[in-house]
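# pasted the sequence and its predicted model underneath.
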Amino acid sequence: MGDTCPSLPMPVFTPDLLERIAEQVHVTWAQGRQDEGWVLGPVRDDALRQHPCLIPYAALPEEEKAFDRQTALASLQALVALGYRILPPEEEAVTVLLPSPAATRQGSQPLGHGPLQPGLRVGRYHILDRLGGGGFGEVWHARDTGITGREVAIKAIRLGHDSRENLGSEARIMTRIFHHPNFPVLYDVLEQGGEFFLVVEFLPGYDLDRLTREGQGPVGWADVRAVLAGVLAGLHHAHRYEVLHQDLKPSNIRIFNPLGRFRPIRERDVKILDFGLAFLWKEDGVRATLAGTPAYMSPEQIQGLPLTPASDLYTVGLILYELVTCRHPFQVPAEAPFEAHREARCGPPPCDPATWRPGLPADLGTVLARCLAKDPAQRYQEAQALEGDLLPILDRLSLSDPAPTRWEVL
């Protein structure tokens, strides 16, 4: 192929293309220096780990830009020598920037200005496949091309002021509750190609809603105990650091299972995900908001009233009810209008859970009723208090009925 295009053509769009690639050269270089521990500084100071060129490309002196443009031109010439043609971009077309040598060795390309897809690269992370997505962004499975080679999950947030603010808040909150066994680890925060990215721990396994959505009968008491112990331990830690989750639900509770086959759930397997709507309830103020998932909102949340830790604990009651009965306490379809959810949440209390699971102990029903009280003041105010009442009941039930959850495969 090398003979088909022996020299680099210089069409009119080349200066713009060179400038784009030169900027990417600088970004890649800066990421490498930051990975080494260098920080922005007015002068290079080895003792303070300061480097004067760790600044946006636009702010670089012209002599530094000239060096990056020269590197970009050499990259284009190398591509042409390999037989690639440099074509003018179509209107609104995406230009994919050149891979760094490290990315080329990994068989991936860096992200340009288009959507993520397998084979692209975000920073040093090689995208493998899509894990899921929603209104706030997408989550991708990726591999670190650095020395660790570890698998990670990357949450992509679309460009926009609100999106950037939400991601900054989520990163700040995850940093505050860092290194608790019931939360994923935050590894990195990146900005590239007009998008923002949170790089977090990859957790193979399944979401909790699999047990209630696809379970073959009631969830075993030992599994209920492990799930609630993990969720309450995580919430106790979060509330201690003044963080309210605000969007707790079974699909945001991950059961870590790297084996891909049945095993009993352990407390440390339970991971609370997605802090995109979380906030610091004392630092940010007691917030009144309608953000969240209607089926798992507390009465005050669904009415737009201020939230407290009791609001998260109400949702724990909803989840416990579902695990115990395999039914949501308020029989409203998830896709029903918002008003239907609000009427259900603010109307009569849910059906006695013993109706769906005969023989349910009265003391467990009492705990559930307190969790699901309409008035936040009548609920548990701290996760530790709920834990103290609930876990001994579940311990007793686990001993009397130790059978595991009945299901086939993950």
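Structure's in. What do you need?

# now the strands for the chain?
39-40, 50-51, 109-110, 120-122, 125-134, 137-144, 151-157, 186-192, 195-201, 205-207, 243-244, 253-256, 270-272, 279-280 (DSSP state E).

# out of these, which gets nearest to residue 395?
strand 270-272 (16.5 Å; CB to CB). All C-beta spots, glycine's among them, are computed from the backbone N, C-alpha and C.

# average pLDDT for that closest one?
Strand 270-272 shows a mean pLDDT of 95 in the predicted model.

# and stretch 312-330, by the same measure?
The model assigns stretch 312-330 a mean pLDDT of 92.

# again with stretch 127-134
82.

# over to stretch 157-169?
For stretch 157-169, mean pLDDT rounds to 54.

# could you do stretch 300-308 as well?
Average pLDDT, stretch 300-308: 87.

# what of stretch 247-266?
Averaged across stretch 247-266, the pLDDT comes to 87.

# what's the answer for stretch 236-243, then?
Mean predicted lDDT for stretch 236-243 stands at 89.

# from the chain's centre, how far out does it sit?
18 Å (CA atoms, centre = their mean, to the nearest Å).

# residues of it that come out buried?
If you call a residue buried by 16 or more other CB atoms under 10 Å, then stretch 236-243 has these buried ones: 236-239, 242-243.

# which of these sit farthest apart?
Top of the distance list for the buried residues of stretch 236-243 (CB to CB): 236 and 242, 12.4 Å.

# with just CA atoms, put stretch 311-325 into CSV.
Provided in CSV are the C-alpha atoms of stretch 311-325 (Å, rounded to 0.1, in the frame of the first residue of the first chain):
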residue,chain,number,x,y,z
SER,A,311,-35.7,9.8,53.1
ASP,A,312,-33.0,7.3,52.1
LEU,A,313,-34.2,4.9,54.8
TYR,A,314,-37.7,5.0,53.5
THR,A,315,-36.4,3.7,50.2
VAL,A,316,-34.6,0.9,52.2
GLY,A,317,-38.0,0.0,53.5
LEU,A,318,-39.4,-0.3,49.9
ILE,A,319,-36.4,-2.5,48.9
LEU,A,320,-36.8,-4.7,52.0
TYR,A,321,-40.6,-5.1,51.3
GLU,A,322,-39.7,-6.2,47.7
LEU,A,323,-37.1,-8.7,48.9
VAL,A,324,-39.4,-10.2,51.4
THR,A,325,-42.6,-10.4,49.2
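
# contacting residues around the residue lying closest to residue 269 once chain neighbours are set aside?
Nearest non-adjacent residue to residue 269, counting by CB to CB, 6 or more residues apart in numbering: residue 256, 4.5 Å away. Remark: with contacts taken as CB atoms under 8 Å, 6 or more residues apart in numbering, residue 256 is in contact with 203-205, 268-271.

# sorry, back to before: what's the most buried one of the strands of the chain?
strand 243-244 (a mean of 26; mean count of other CB atoms under 10 Å).

# pairing partners for that one, with directions?
Here strand 243-244 is paired, per DSSP bridges, with strand 279-280 (antiparallel).

# what packs against the longest helix belonging to the chain?
Counting by DSSP state H, the longest helix found in the chain is helix 14-35. For helix 14-35, the packing partners by 3 or more CB pairs under 8 Å, 6 or more residues apart in numbering; DSSP states H and E come out as helix 62-81.

# between the helix it packs on and helix 14-35, how many degrees?
110 degrees (axes from the mean of the first three to the mean of the last three CA atoms, to 10 degrees).

# domain-wise, how is the chain divided?
Residue ranges for the domains of the chain, per automatic domain parsing: 1-87, 106-202, 205-400.

# got phi/psi on the closest residue to residue 31 other than its chain neighbours?
Using CB to CB, 6+ apart and skipping residues adjacent in sequence, the residue nearest residue 31 is residue 123, 5.7 Å away. Backbone dihedrals for residue 123, given as degrees, to the nearest 10, come out at phi 60, psi -120.

# enumerate every residue touching residue 123.
By CB under 8 Å, 6+ apart, the neighbours of residue 123 are 31, 188, 190, 192, 197, 199.

# skipping adjacent residues, who's closest to the third one in space?
If you skip the residues right next to it in sequence, residue 190 has residue 197 as its closest partner in space, 4.4 Å away by CB to CB, 6+ apart.

# report pLDDT for the one you found.
Residue 197 carries a pLDDT score of 85 in this model.

# these two touch, right, it and residue 154?
Yes - counting by CB atoms under 8 Å, residue 197 does reach residue 154; the two are 5.3 Å apart.

# common neighbours of these two, please.
residue 122.

# any idea of the pLDDT on the closest residue in space to residue 334 that isn't next to it in sequence?
Distance criterion CB to CB, 6+ apart; nearest residue to residue 334, sequence neighbours excluded, is residue 295 at 5.2 Å. In the predicted model, residue 295 carries a pLDDT score of 89.
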